[in-house]
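Engineer: Please find the sequence and the predicted model below.
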Amino acid sequence: QVQLEESGGGLVQPGGSLTLSCLVSGLTFSRHDMAWFRQAPGKEREFVSWIGFSTYYSHSVKGRFTISRDNAKNTLYLQMNGLKPEDTAVYYCAAVSPMGLTTQPKDYDYWGQGTQVTVSS
């Protein structure tokens, strides 16, 4: 049974930082590309970042967020700096068999349950 479990969300002030983690089990983590998405209330799920043979970021987070992975720990990370109120959303990690960069939620095979990030003063 494949499981993706996000953690690290919370309430942070504008300009603050958070690091999200995604612990993966039930699949060969090192052989999957991984991504972070987010979904704000009333909005569609939005691509944030991808890691495969390289990394890729949405325009809205590039330069502020950093995606990384530790294959020995089966864990994906998202370091978020310079947080803004518009970053408020539920953040999801997702896994896909390698197919090159894709930012489309429909292409991903496995999803976590999400972790809430709220940026507010």
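Structural biologist: Received the coordinates, thanks.

Engineer: what about the nearest residue to residue 29 once chain neighbours are set aside, how many neighbours?
Structural biologist: Using Cβ to Cβ, 6 or more residues apart in numbering and skipping the chain neighbours, the partner closest in space to residue 29 is residue 74 (4.3 Å). C-beta here means a position set from N, CA and C on the backbone, and glycine is covered the same way. Burial of residue 74 is recorded as 17 neighbouring residues (other Cβ atoms under 10 Å).

Engineer: Residue 103 against residue 49, yeah?
Structural biologist: No. Using Cβ atoms under 8 Å, residue 103 and residue 49 do not qualify as a contacting pair, with a distance of 9.5 Å.

Engineer: Common neighbours of the two, please.
Structural biologist: Here residue 103 and residue 49 share the contacting residues 35, 56, 58, scored by Cβ atoms under 8 Å, 6 or more residues apart in numbering.

Engineer: quick check, residue 72 in a helix?
Structural biologist: Yes. Counting by DSSP: H, G, I helix; E, B strand; the rest coil, residue 72 is located in a helix.

Engineer: Next one: it relative to residue 30, how far apart?
Structural biologist: Distance of residue 72 to residue 30, given as Cβ to Cβ, to the nearest Å: 9 Å.

Engineer: Sounds good, over and out.
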